[in-house]
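Peer 1: can't give you the sequence, but here's the structure:
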Ligand SMILES: C[C@H](O)[C@H](O)CC(=O)C(=O)O
Ligand SMILES: [Mg+2]
């Protein structure tokens with residue numbers, strides 16, 4: 001069966017650009033970032049534009065009218081790349097040409113892509129192709145990937161309230177790191193005091209993690225890790241910028257051996273992850289399937305990680321990673337991003353964009369046998385098609 005049309009749509013608020021939230025949201029409450037060296041950008045990540053791109057929705061329609069849907073963080077710039085460049089490799093191809101389409105999209109954009117926004121756009125097309133193939137074959141995506149290796153997913157929560165996450169049955173709670181090197185030793189002590197108080201609230205066995213969102217240097221991250229070891233921090237996430245593969249290798253050597261070093265949500269393709277795995281030696285890599293290249297590339301990344309003895313726990317990406325994680329032995333648990341503004345309730349990650357998006361109950365999640373990724377676009381969400389190539 002052939003593909004008739006590709007459409008790139010944008011939506012304002014919420015959706016795949018999950019940082020695009022109202023101002024009282026925990027996810028934007030004084031989070032340490034690489035921009036925190038500039039005081040004017042410390043209080044809010046939106047101040048420096050973390051939500052500037054917005055959500056991109058890609059629809060791929062087959063000649064029989066079946067429509068596959070993929071989403072990512074790319075907004076209008078991503079829509080332009082899909083409509084003006086990527087669509088030519090998709091329209092007229094067979095719905096089963098997923099590998100060939102990916103290779104053409106990647107190689108045709110090498111001169112300006114390789115990572116970032118272009119790979120986000122390629123990921124959304126790839127996810128839409130897998131959704132379409134599942135719908136045409138009347139199978140969930142996980143069945144296309146070799147089938148489940150476990151009955152259900154276990155989730156940890158990324159949250160402003162690990163204490164609530166424990167009550168809700170999650171494996172653990174990952175907190176934002178609020179202070180980086182620019183805030184000196186006072187900031188470091190404040191980070192540790194926050195961890196100490198949370199450890200007191202959740203008890204000795206509940207996982208607690210820090211997400212450093214690329215904000216640190218090796219020296220600060222080393223001091224933070226050793227101070228946090230007293231309160232049994234399970235992992236230190238994304239301490240350095242993605243390109244500092246050498247720094248990650250040094251940090252792994254310096255960190256306490258019992259503490260995991262994780263990273264990868266802002267890395268792309270098997271090539272980037274090869275560098276990270278060989279030079280950085282993370283214990284867990286966290287590719288985001290909406291950004292790293294989609295399912296087609298995540299299959300390759302995951303096999304590479306498995307050969308390196310690293311776990312693959314994809315960055316929060318809802319159904320798009322759930323269907324992958326449940327089919328992989330080296331993905332023993334998954335992330336759930338608590339998108340409720342106060343992190344006190346479980347709400348669908350991409351709300352209000354998608355309908356039928358499953359959420360964890362008691363920290364666990366079973367996937368339905370619904371074809372594709374099992375979600376639908378919410379007809380009440382206004383979508384725009386800023387460009388077209390017809
Ligand atoms: C919580 C982190 O600062 C970021 O917003 C999300 C993330 O990196 C993660 O879920 O991992
Ligand atoms: Mg993270």
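Peer 2: Alright, I've got the coordinates. No experiment lies behind these values; they were computed from the predicted model shown. Ligands and ions are numbered 1, 2, ... in the order given.

Peer 1: residue 72 sits in which helix or strand?
Peer 2: If you go by DSSP states H and E, residue 72 is part of strand 67-73.

Peer 1: for the helix or strand that that strand is followed by, packing partners?
Peer 2: Helices and strands here follow DSSP H and E; after strand 67-73, the next one along the chain is helix 75-81. On a contact count with 3 or more CB pairs under 8 Å, 6 or more residues apart in numbering; DSSP states H and E, helix 75-81 meets strand 3-11, strand 55-62, helix 116-137. All C-beta atoms are positioned from the backbone trio N, CA, C, and that covers glycine.

Peer 1: could you pull up the mean pLDDT of stretch 296-305?
Peer 2: Taken as a whole, stretch 296-305 has an average pLDDT of 98.

Peer 1: now do the buried residues in that stretch.
Peer 2: 296-302, 304-305 (16 or more other CB atoms under 10 Å).

Peer 1: ok, which of the residues you listed also contact ligand 1?
Peer 2: Near ligand 1, judged by CB under 6 Å from any ligand atom, there are no entries from these.

Peer 1: before we move on, back to that, strand partners (parallel or antiparallel) of the strand holding residue 72?
Peer 2: Sheet pairing of strand 67-73 (DSSP bridges) gives strand 55-62 (antiparallel).

Peer 1: angle of the partner strand against strand 3-11?
Peer 2: Strand 55-62 and strand 3-11 are oriented at 160 degrees to each other (axes from the mean of the first three to the mean of the last three CA atoms, to 10 degrees).

Peer 1: sorry, back to before: adding secondary structure, write the buried residues of stretch 296-305 out as TSV.
Peer 2: Formatted as TSV, these follow (DSSP: H, G, I helix; E, B strand; the rest coil):
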residue	secondary structure
296	helix
297	helix
298	helix
299	helix
300	helix
301	helix
302	helix
304	helix
305	helix
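
Peer 1: want to throw those residues into CSV with distance to residue 24?
Peer 2: Shown next, in CSV, are those (distance: CB to CB, whole Å):
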residue, distance to residue 24
296, 38
297, 36
298, 34
299, 39
300, 40
301, 36
302, 37
304, 41
305, 37
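
Peer 1: centre of the chain versus the strand holding residue 72, how much separation?
Peer 2: 14 Å (CA atoms, centre = their mean, to the nearest Å).

Peer 1: next, the angle helix 116-137 makes with that strand.
Peer 2: Using the same axes, to 10 degrees: strand 67-73 against helix 116-137 is 160 degrees.
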